[in-house]
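one predicted model, sequence on top.
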Amino acid sequence: MSDPVLSTCGSSPDGERHGIDIYCLTCGYNLRGTSRNRCPECGTDIDRAALTSVQIPWVHRRAQGRIRTYVQTVWMVTFRTRRLCAEIDRPVSYQDSQSFRWATVAVVYLPLLLTAWSLLLTGRLGDLSLPGVIYMFQVNPLVPLLVYSLSMLAFLGYMTGLPSYFLHPSHIPIERQNRAIALSYYGGGVFAWAVPAYAWAGVLWYLTHRWQLEMSNEEYCIIAGAVPLLFVVTAWLDALQKLFERTTNRSATLWLLLMLGVCWVLGSVVAFILLPCTVLYLAVILRML
């Protein structure tokens, strides 16, 4: 999607008033073209400086530091979601939202990639319980590692972009649709909580081996993976529900949450089952030629 005109964040208040839609924070009335200091619809006092000042920390990353503003934005998305939703009434940069989206993908993806390749290079990959599909096709571990690396990257790109298809219904103005799409990419920031989950999984693995605790693979997966995954999914759905309600002025329905859940499951099946099986099957065929 092309970058909307409204994404210019450095305009003056007068420029915002005449060239870009801004909305009353109380009733959502479009204040474009009005010079009054009160909302014509509900009578709320209008602070134009606040309406045109972007509150998303990531936007100020060049001045305040990328790591600091990224962490602050993830916290805002997860625990201060309504503050993020309020940005629908201010100019939102599409480029900044895409930058944040791919920063999140990198934050989640690179630790997994580096860990997998370090295990391969040190010869410890064989000590792990790899997916049965690898043994089923009897291929070199390097091949499925490459396949699953690409699958994970595709899955993260898919999941961080998926909400944008649900948050811009045609009944709202085009500029507001563009803002909703940009804000939807910030919603993927909750996936960054996978990083503490990685650390927890590593600590748990170390303790089980250090203290020789008896724990099956199923128990380890539940404790190390299922609980953090439940938190991430719940936070993701909660953020998207609030974004949907704020951007569309409609209540999020059970249908929306079900559709997001179905899309999550379908994406997982395609990325981690169908795609790897297809590629590995082709690798076996080529190996037999």
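Happy to help now that I have it. Nothing here was measured: the structure is a model prediction, and the numbers come from that model.

now residue 208: closest residue in space, sequence neighbours ignored.
Nearest residue to residue 208, sequence neighbours excluded (C-beta to C-beta, 6 or more residues apart in numbering): residue 215, at 5.2 Å. Every C-beta, even on glycine, is put in place using the N, C-alpha and C of the backbone.

residues near that neighbour, how many?
The number of residues packed near residue 215 is 16, by other C-beta atoms under 10 Å.

what do you get for the one 4 residues further on?
With neighbours defined by other C-beta under 10 Å, the count for residue 219 comes to 12.

what residue ranges in the stretch 151-289 of the chain score low on pLDDT?
Scanning the stretch 151-289 of the chain for pLDDT under 70 picks out 217-218, 221, 252.

which residues of it fall in strands?
With DSSP state E, counting those that start in this stretch as the criterion, the stretch 151-289 of the chain has no strands.

pretty sure the residue nearest to residue 208 contacts residue 205?
No. Applying C-beta atoms under 8 Å as the test, residue 215 and residue 205 come out as separate, 9.5 Å apart.

tell me the helices and strands packed up against the strand or helix carrying residue 147.
Using DSSP states H and E, residue 147 sits within helix 142-161. For helix 142-161, the elements it packs on are helix 94-121, helix 132-137, helix 254-269, helix 275-288, judged by 3 or more C-beta pairs under 8 Å, 6 or more residues apart in numbering; DSSP states H and E.

hey, C-alpha coordinates of it in PDB?
Coordinates of each C-alpha in helix 142-161 appear next as PDB, following Å, rounded to 0.1, in the frame of the first residue of the first chain:
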ATOM      1  CA  LEU A 142      20.900 -28.600   6.900                       C
ATOM      2  CA  VAL A 143      18.000 -28.800   4.400                       C
ATOM      3  CA  PRO A 144      15.100 -28.800   6.800                       C
ATOM      4  CA  LEU A 145      16.900 -26.100   8.900                       C
ATOM      5  CA  LEU A 146      17.000 -23.800   5.800                       C
ATOM      6  CA  VAL A 147      13.400 -24.700   5.100                       C
ATOM      7  CA  TYR A 148      12.100 -24.000   8.600                       C
ATOM      8  CA  SER A 149      14.200 -20.800   8.800                       C
ATOM      9  CA  LEU A 150      12.400 -19.500   5.700                       C
ATOM     10  CA  SER A 151       9.100 -20.800   7.000                       C
ATOM     11  CA  MET A 152       9.400 -18.900  10.200                       C
ATOM     12  CA  LEU A 153      10.300 -15.700   8.400                       C
ATOM     13  CA  ALA A 154       7.300 -16.000   6.100                       C
ATOM     14  CA  PHE A 155       5.000 -16.800   9.100                       C
ATOM     15  CA  LEU A 156       6.200 -13.700  11.000                       C
ATOM     16  CA  GLY A 157       5.700 -11.500   8.000                       C
ATOM     17  CA  TYR A 158       2.300 -12.900   7.500                       C
ATOM     18  CA  MET A 159       1.100 -12.500  11.100                       C
ATOM     19  CA  THR A 160       2.400  -9.000  11.500                       C
ATOM     20  CA  GLY A 161       0.600  -7.900   8.300                       C
END
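
switch the helices and strands packed on helix 142-161 over to a markdown table; also include distance to residue 168.
Below are the helices and strands packed on helix 142-161 laid out as a markdown table (distance: least, C-beta to C-beta, whole Å):
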| stretch | distance to residue 168 |
| --- | --- |
| helix 94-121 | 12 |
| helix 132-137 | 38 |
| helix 254-269 | 13 |
| helix 275-288 | 28 |
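
can you say which of the ones you listed is packed in most?
helix 94-121 (a mean of 17; mean count of other C-beta atoms under 10 Å).

packing partners of that helix?
Contacts defined by 3+ C-beta pairs under 8 Å, 6+ apart place helix 94-121 against helix 66-79, helix 142-161, helix 174-187, helix 194-210.

show me the contact partners of the last one.
Going back to what we said before, that points to helix 194-210. By C-beta atoms under 8 Å, 6 or more residues apart in numbering, the surrounding residues in contact with helix 194-210 are 107-108, 111-112, 115, 213, 215, 220, 223-225, 228-229, 232.

farthest pair in those residues?
Across those, the longest distance by C-beta to C-beta is 30.1 Å; it joins 107 and 213.

which member of the contacts of helix 194-210 is positioned nearest residue 78?
Distance to residue 78, by C-beta to C-beta, is smallest for residue 232 among the contacts of helix 194-210, at 9.5 Å.

tell me how far the nearest residue to that closest one once chain neighbours are set aside lies from residue 98.
Distance criterion C-beta to C-beta, 6+ apart; nearest residue to residue 232, sequence neighbours excluded, is residue 193 at 5.4 Å. To residue 98, residue 193 is 21 Å away according to C-beta to C-beta, to the nearest Å.
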